[in-house]
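>>> Show me the folded form of this:
(6 chains)
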Protein chains: 6
Amino acid sequence: MSGTYGPTGDAPRIDGRTPRQLRPVTLQRGWSKHAEGSVLVSFGDTKVLCTASLTEGVPRWRKGSGEGWVTAEYSMLPRATNTRGDRESVRGRIGGRTHEISRLIGRSLRAVVDFKALGENTVVLDCDVLQADGGTRTAAITGAYVALADAVAWAQSHKLVRAKAQPLTGTVSAVSVGIVGGTGLLDLCYEEDVRAETDMNVVCTGDGRFVEVQGTAEGEPFARSELDALLDLAVGGCAELDLLQREALGGLQ
Amino acid sequence: MSGTYGPTGDAPRIDGRTPRQLRPVTLQRGWSKHAEGSVLVSFGDTKVLCTASLTEGVPRWRKGSGEGWVTAEYSMLPRATNTRGDRESVRGRIGGRTHEISRLIGRSLRAVVDFKALGENTVVLDCDVLQADGGTRTAAITGAYVALADAVAWAQSHKLVRAKAQPLTGTVSAVSVGIVGGTGLLDLCYEEDVRAETDMNVVCTGDGRFVEVQGTAEGEPFARSELDALLDLAVGGCAELDLLQREALGGLQ
Amino acid sequence: MSGTYGPTGDAPRIDGRTPRQLRPVTLQRGWSKHAEGSVLVSFGDTKVLCTASLTEGVPRWRKGSGEGWVTAEYSMLPRATNTRGDRESVRGRIGGRTHEISRLIGRSLRAVVDFKALGENTVVLDCDVLQADGGTRTAAITGAYVALADAVAWAQSHKLVRAKAQPLTGTVSAVSVGIVGGTGLLDLCYEEDVRAETDMNVVCTGDGRFVEVQGTAEGEPFARSELDALLDLAVGGCAELDLLQREALGGLQ
Amino acid sequence: MSGTYGPTGDAPRIDGRTPRQLRPVTLQRGWSKHAEGSVLVSFGDTKVLCTASLTEGVPRWRKGSGEGWVTAEYSMLPRATNTRGDRESVRGRIGGRTHEISRLIGRSLRAVVDFKALGENTVVLDCDVLQADGGTRTAAITGAYVALADAVAWAQSHKLVRAKAQPLTGTVSAVSVGIVGGTGLLDLCYEEDVRAETDMNVVCTGDGRFVEVQGTAEGEPFARSELDALLDLAVGGCAELDLLQREALGGLQ
Amino acid sequence: MSGTYGPTGDAPRIDGRTPRQLRPVTLQRGWSKHAEGSVLVSFGDTKVLCTASLTEGVPRWRKGSGEGWVTAEYSMLPRATNTRGDRESVRGRIGGRTHEISRLIGRSLRAVVDFKALGENTVVLDCDVLQADGGTRTAAITGAYVALADAVAWAQSHKLVRAKAQPLTGTVSAVSVGIVGGTGLLDLCYEEDVRAETDMNVVCTGDGRFVEVQGTAEGEPFARSELDALLDLAVGGCAELDLLQREALGGLQ
Amino acid sequence: MSGTYGPTGDAPRIDGRTPRQLRPVTLQRGWSKHAEGSVLVSFGDTKVLCTASLTEGVPRWRKGSGEGWVTAEYSMLPRATNTRGDRESVRGRIGGRTHEISRLIGRSLRAVVDFKALGENTVVLDCDVLQADGGTRTAAITGAYVALADAVAWAQSHKLVRAKAQPLTGTVSAVSVGIVGGTGLLDLCYEEDVRAETDMNVVCTGDGRFVEVQGTAEGEPFARSELDALLDLAVGGCAELDLLQREALGGLQ
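Model (predicted):
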């Protein structure tokens, strides 16, 4: 992989995209009639249902602090993938990957929450993968942000949060990048993901700063120049997602 | 409750239906690209994603029998309901209700399967409730049948099942009936369900015979005449569902 | 199976009974010295120890309501059956069947309880199958009713329940019926149960109304006429059990 | 406590026994029709159902050795005691006490088994406490031995074990002893057990040797002279139990 | 085995010790900077890290009693032994042996605690086996006593326990003894332990009384004379350990 | 935080180190007599016992591939930290953080393993934190590498791996970096870690390439310039650790 990436000179990707191109992204709000916020997000064939449940009160360790809390749970339907996986409820334990992603989503969203402004309310984001085709955690973060924004708005209209409070300090989105066949690619689909030499998930705020950077060499360790180039690619992708999130929310922030 | 039911003379239901009227039912095939059969079924606001995973081979206790197997797992997303429930995978155990419904769905489908004709293949039906508004188990059975039919067709086109075999001996569908305020009602929505004095789930084959009858007095025990009237109502509902299933499958059987 | 049943013209059953005949039923009260009520019930070779534990107070969700609660737990000793099963405590999880039956027993007993009259007391019915030969759940319900009646009497004599209160609004019992070789039979033993084409458990109050009807086609779906005939058979069996329960309790109610 | 014990000069025990007297012991064989051996043993009000399940084959680690295996599982019904305990299957884990006693019973029985003579057969002893009044583990060992002997005889009559083989090298029984109010007592009932300063369970073979000695100071540590006196008491009790076991088995060995 | 033991005339042990000789014992205090008391104890190659965590307050069932509580948890690192064992946290359940030893350690320490003097404080002793070579439970008890003494001293210097209170009524230590090849041996190493015909763990107070005696015949049952000789051996070993404990604590008590 | 870091002008750290300085690091080989490789690693007060268990054979999914496997399990003793945590074996489930770190350690080591050269052997690295003071996962990776190298050497001397094979393609080590009070610091101790605005764990090979980069904004999101500066710091720290590892191994590679 060279230090620069661009559509010119690269072979087209498996689905015809250029290296710097996101898959088609949709953010369908109000998907569930019960939840305070709910979004069906798709990044190409990856579809995640994100629901935000807002309840008054906070976990015990946070009581009396005047501050709220935000947490997340990620899960995959058994047949979201090409071969059916066992249900974690049937196995009686949650796998390491599930825990790890749940924690990542929670941390990512908390980075843009002003807990004082949220007040003693708790939001649980459930991100259930209905169909998986790579990038389920990044789609989940991107969609969960929109569901969270809807839940906050709901709380303001129901007087649980002051109307003028700004519990969200900005947007947050995430995208995967990776090196496949020596080329840096944005937003890997499943087939690209399994072939990637290096795989990175990047969570950015709307103003281009980082909340989380997780890069892993699947095969060969990667050089600093490669890391730099992948970060450039990811920042560009998150900037696009920020626009889509704000568009979906009708101009919020 | 009197022994007969009908639109005449009864107060309209909460959603404007007559006592004998089903909610709008949709059966959206091919929802997931990975599964051998997949259907998003809705009975009004109740939405269940049913995927059928067909694999070669059978559980150990059935090996060498020449016969296949069909089983089901039912689950509810945490925010499918009005208040968020704990994930069973987080609690580390599956609740009694979940087990009971999974077993019911499996039994219901097996009633219309010719296991010899299916050969040593296993189909797992995953029924995940995305949104709940009463009747989730009956919607699941009705949708799972269509997903199963698609999986069987897939197996035939992939030579796992002989092209001329008829692994499905008929259709199967299910509907709830109940007595609410003394009146027998078909296909209860959630609000009706919680108010029902008697609640019954009936699983019927397309030719009007019973696979399962589960009637429960929630309050007062019910009389034989009431039981008879509810059975009439359910048989009528299943006949309509049978038509919808066959229509969705484009005239199968 | 024809629409009518009777001893005449039918081949004798495996244990010499006529189709409409119960197995010998015994209800041995006061089996355990610790429990507030305890009954060793037998339906032929099926033996279930039912103990009723009455404690002051109710689960949290019912506190302050002035109403009591009744619940049940069903379990089978590992060698209650012909081959030894794993203990559920060893496997670390409770099987679906166990949950389902526990819930059925609880619901059945609650149908004849006036919770206001019981006051804020909780009764837990433990139904442990010591030896299984078909019909364990129906024996459990029938025996648990008697244990519950004893526990209520104990509570009245200990001033936990007012002496003139009538926490039990009637009796409740249960019996299995099924179609075996085309013939409807009452109170199936294990060998009949495994051969049954249709299997039904019916829970009735002493006045002949239904609390629960659970009919399952094990093989062929069953017709309405068959269902009707099985219900007749079950109602007759429960009427006999009601007599035996009242006799055991020495004329109560 | 002085170094010698005897009926003379001691206050009668709570149930009228002398210090060296066992409670009434019964060993009811053939209690269950399914198990290869089954005994309902009672030591006073303590009642334990011991079933022996004999199956061909041994655990993997013992395959091909030509030797058999014997193991045990101990459990208590929820209302075997004065206040209802949680089921271990409901809690999803087995308590330390249960494990400890199961292991003790298994070890005790294995001490009198010639595994070569048993051949590659496995016997599982299930000891379920139906009613507890102290000494449940010692009653379980004493009863389980008789159930084991019956299972071995069954295996011999079914040609699983050679007719002339002697898989049991002797009898084994167990009894509790303790110091209560300074006096050494044999076979403690529950009320004595909770008041005991020192509590000891002793497992002996019929020829008076020890398989297991477990003495615990519940309050004050105990002196060597006390230990010696308690051992004398236990050896005497086990000798009586050995007679009762052989009597129950009709003169075996 | 003869009734007396001694170095004369016996073949030297595998590690050159005489029958009555302990392995080299070290008690390294203050091993962990976080715990209120911590001791790395070694009995030869057996190394156990014992930490004492003292917190204010007691379990619910003891609240308001004015008395404290002491409990213990024993565990083994996966590669403490010659072949790697599964982690109990990975298996999701704690084995019987682990429970049994945890309970033994807790009981042993409680025998020398004056709970009134301790006040409403709780001490948890964690005994983690870093390397196992026989006698892990006896090393754990011996080391845990020293860690407990340090935690009590810490509590006194931090005013959680009155300076003049004497929460410890004496020392407690433990040692294994066994019959190997007919000879009674003190403090068995692993190789001796697996070859032992009889294995006994004895817990003694510093004044030579017994807290716990657990003797098990691994092969042949053992005679009274053997039991007596083993007890003599153990009492001698514990007397030595008592000296080492008091030396390590710098003359306490 | 400015874009450059250095000792000049910065306030000394809590333990007197300069920003770019590691804590004292020790790598004590051969700590356990049982394991094929074992290292007690310390980064200041953080102490982790790393044992490598090498066994012939591989997990089922890798059989016949001719390639080996390396995996890791991370765990913390209950009192490794300032307040005692519950044992995961007692809770019956492994927390998300534990899983996440176990997976990270395994991935990191696999990055420097040539599985063909290892042959069909499996190495499990157990990393048990005996005392925690920040950086437990980075100390674990650094120590586990040395234990792995020892296990590989053991396998070569025991002919399980060919003498001339080079199963390790290089060294791997890890270090934490973070921004505390606006300053970038290397190898955070616990007190620094809890105050860090940004926390990053970096895993590098000996030749300065990246295996894993995990950066998390604990408070404010971080800018690209900050990320760059932290990476510089980490690369320098890992270069030092590489020297220490090779020194400990006596010049290997």
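>>> need the helix or strand of chain A with the lowest average pLDDT.
helix A:88-91 (a mean of 72; mean pLDDT, DSSP states H and E).
>>> So which bits of whatever helix or strand comes next after that helix are buried?
The helix or strand immediately downstream of helix A:88-91 is helix A:96-110, counting by DSSP states H and E. Residues of helix A:96-110 classed as buried by neighbour count (16 or more other CB atoms under 10 Å in any protein chain shown): A:96, A:98-110. C-beta coordinates here come from the backbone N, C-alpha and C atoms, glycine included.
>>> again with stretch A:144-157
Those would be A:144-156, for stretch A:144-157 by 16+ other CB under 10 Å.
>>> Which of those residues sits closest to chain E?
Taking CB to the nearest CB as the measure, A:Ala144 is the one of the buried residues of stretch A:144-157 closest to chain E, at 29.6 Å.
>>> Wondering if the host helix or strand of the closest one reaches chain B at all.
Using DSSP H and E, A:Ala144 sits within helix A:136-157. No - using CB under 8 Å from any CB of the partner chain, we find that helix A:136-157 stays clear of chain B, coming within 10.0 Å at best.
>>> quick one: buried residues of whatever helix or strand comes next after that helix?
Next along the chain after helix A:136-157, taking DSSP H and E as the criterion, comes strand A:172-180. For strand A:172-180, a neighbour-count test (16+ other CB under 10 Å) marks A:172-180 as buried.
>>> same check, this time on stretch A:181-190
By neighbour count on 16+ other CB under 10 Å, the buried set for stretch A:181-190 is A:184-190.
>>> likewise stretch A:112-120?
Buried residues in stretch A:112-120, counted by 16+ other CB under 10 Å: A:112-113, A:115, A:117-120.
>>> Please produce CSV containing the buried residues of stretch A:144-157, extended by pLDDT and distance to E:Asp86.
Converted to CSV, the buried residues of stretch A:144-157 look like this (pLDDT from 0 to 100; distance: CB to CB, whole Å):
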residue, pLDDT, distance to E:Asp86
A:Ala144, 98, 36
A:Tyr145, 98, 40
A:Val146, 98, 43
A:Ala147, 98, 40
A:Leu148, 98, 40
A:Ala149, 98, 45
A:Asp150, 97, 45
A:Ala151, 98, 42
A:Val152, 98, 45
A:Ala153, 97, 49
A:Trp154, 97, 47
A:Ala155, 97, 46
A:Gln156, 97, 51
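>>> so A:Gly119 touches A:Leu160, yeah?
Yes - counting by CB atoms under 8 Å, A:Gly119 touches A:Leu160, with 7.3 Å between them.
>>> Around chain B, pick out the residues from chain A.
A:32-35, A:38, A:45, A:49, A:51, A:53, A:55, A:73, A:75, A:77-84, A:87-90, A:92-94, A:98, A:124, A:126, A:128, A:130-133.
>>> Counting only helices, which of the residues you listed make the cut?
Judged by DSSP state H, the subset of these located in helices is A:88-90, A:98.
>>> So which residue is dead centre in chain A?
Nearest to the mean C-alpha position of chain A, by CA atoms, centre = their mean, lies A:Ile141 at 1.9 Å.
>>> what sits opposite A:Asp128 in the beta ladder?
Assessed by DSSP bridges, A:Asp128 has beta-bridge partners A:Leu49, A:Ser75.
>>> tell me the contacts of it?
Contact analysis of A:Asp128 by CB atoms under 8 Å, 6 or more residues apart in numbering or on different chains lists A:48-49, A:74-77, B:77.
>>> related to what we said a few turns ago, mind checking which of the buried residues of stretch A:181-190 are in helices?
Those of those lying in helices (DSSP H): A:Tyr190.
>>> in chain A, which segments are predicted with low confidence?
A:1-11, A:91-93, A:251-253 (pLDDT under 70).
>>> let's see 80
Across chain A, the ranges flagged by pLDDT under 80 are A:1-11, A:88-96, A:251-253.
>>> Next up, phi/psi of the closest residue to A:Pro24 other than its chain neighbours, please.
Nearest residue to A:Pro24, sequence neighbours excluded (CB to CB, 6 or more residues apart in numbering or on different chains): A:Gly44, at 6.1 Å. Note on A:Gly44: its backbone torsions stand at phi 60, psi -130 [degrees, to the nearest 10].
>>> List the contacts of A:Gly44.
By CB under 8 Å, 6+ apart, the neighbours of A:Gly44 are A:15, A:23-24, A:133-134, A:187, A:189.
>>> do you know how far it is from chain E?
36 Å (CB to the nearest CB, to the nearest Å).
>>> Distance check, that residue against A:Asp15.
Applying CB to CB, to the nearest Å, the value for A:Gly44 to A:Asp15 is 7 Å.
>>> and the least confident helix or strand of chain A with chain E, contact?
No - Helix A:88-91 is not in contact with chain E by CB under 8 Å from any CB; minimum separation 9.8 Å.
>>> Can you give me the buried ones in that helix?
Counting neighbours by 16+ other CB under 10 Å, helix A:88-91 gives A:88-89 as buried.
>>> Give me the contacts around it.
A:75, A:94-95, A:98, B:73, B:75, B:87-89, B:91, B:93-94, B:98.
>>> Return the closest of these with respect to C:Val235.
Among the contacts of helix A:88-91, B:Thr98 lies closest to C:Val235 (CB to CB), at 32.1 Å.
>>> show me what contacts that closest one?
So B:Thr98 contacts A:89, B:74-76, B:88 (CB under 8 Å, 6+ apart).
>>> need the residues of chain A near chain F, please.
When proximity is defined as CB under 8 Å from any CB, chain A approaches chain F at A:93-97, A:99-100, A:102-103, A:107, A:111, A:200, A:204-205, A:207-217, A:220-224, A:227, A:231, A:235.
>>> Which members of these are classed as buried?
Neighbour-count burial (16+ other CB under 10 Å) is assigned, among the residues of chain A next to chain F, to A:93-96, A:99-100, A:102-103, A:107, A:111, A:200, A:204-205, A:209-217, A:221-223, A:227, A:231, A:235.
>>> Right, and chain D sits closest to which residue of the stretch 151-253 of chain A?
Closest approach between the stretch 151-253 of chain A and chain D, counting by CB to the nearest CB: A:Ala151, at 33.4 Å.
>>> wait, isn't that residue in contact with A:Leu54?
Yes - using CB under 8 Å, A:Ala151 is in contact with A:Leu54, at 4.5 Å.
>>> who touches both of the two?
Listed contacts common to A:Ala151 and A:Leu54 are A:36-37, A:123; contacts here mean CB under 8 Å, 6+ apart.
>>> Compile the residues you listed into a markdown table and extend it with columns for neighbour count.
Below are the shared contacts of A:Ala151 and A:Leu54 laid out as a markdown table (neighbours: other CB atoms under 10 Å in any protein chain shown):
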| residue | neighbour count |
| --- | --- |
| A:Glu36 | 23 |
| A:Gly37 | 28 |
| A:Val123 | 25 |
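>>> I am finished for the moment; much appreciated.
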